[in-house]
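Undergrad: heads up, no residue letters with this:
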């Protein structure tokens, strides 16, 4: 099934501990008509990715070693199971995160610093919308 065959975008969210910013992102995605699945752990996020094609994966790596490890392991899963877009929220500038853009193929990687992450996420949603004219999110 291609993106054009589906009627809504599918998003998966993996929050860091005590990360209300990601939950606000989930509310935004839900309000825009995305199917939003919240992962309780990195293992849960991986299972969600393997279950269905994901358009957007949002991961908060702020103070979370397990989430950073999860992001680094994304390049090990088959390309067909990787999300089309990966939005990483961080509270610090990190050169290792920028290197992921070259390592994780098949996914467009975006890195956003808090607190401006929501503005960046809106740009990602606009690009998803532009790629799939039949699936307008109204952004």
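TA: That came through fine. As the structure is a computational prediction, the values presented were derived from the model and not from experiment.
Undergrad: Tell me, how many residues neighbour residue 27?
TA: The burial metric for residue 27, expressed as a neighbour count using other C-beta atoms under 10 Å, is 11. For the C-beta atoms, the positions are set from N, CA and C on the backbone; glycine is no exception.
Undergrad: Tell me which helix or strand it sits in.
TA: Mapping residue 27 onto the secondary structure by DSSP states H and E places it in helix 20-31.
Undergrad: repeat for residue 47
TA: Using DSSP H and E, residue 47 falls within helix 42-51.
Undergrad: Tell me the buried residues in that helix?
TA: Judged by neighbour count using 16 or more other C-beta atoms under 10 Å, the buried positions of helix 42-51 are 42, 45-46, 48-49.
Undergrad: follow-up on the earlier one: what's the helix holding residue 27 packed up against?
TA: strand 10-14, strand 35-39, strand 56-60, strand 85-90, helix 117-131 (3 or more C-beta pairs under 8 Å, 6 or more residues apart in numbering; DSSP states H and E).
Undergrad: let's see 6 Å
TA: The elements that helix 20-31 packs onto, with contact taken as 3 or more C-beta pairs under 6 Å, 6 or more residues apart in numbering; DSSP states H and E, are strand 10-14, strand 35-39.
Undergrad: can you list those strands in a markdown table and add mean pLDDT, mean neighbour count and distance to residue 72?
TA: Below are the helices and strands packed on helix 20-31 laid out as a markdown table (pLDDT from 0 to 100; neighbours: other C-beta atoms under 10 Å; distance: least, C-beta to C-beta, whole Å):
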| stretch | mean pLDDT | mean neighbour count | distance to residue 72 |
| --- | --- | --- | --- |
| strand 10-14 | 89 | 25 | 13 |
| strand 35-39 | 91 | 19 | 16 |
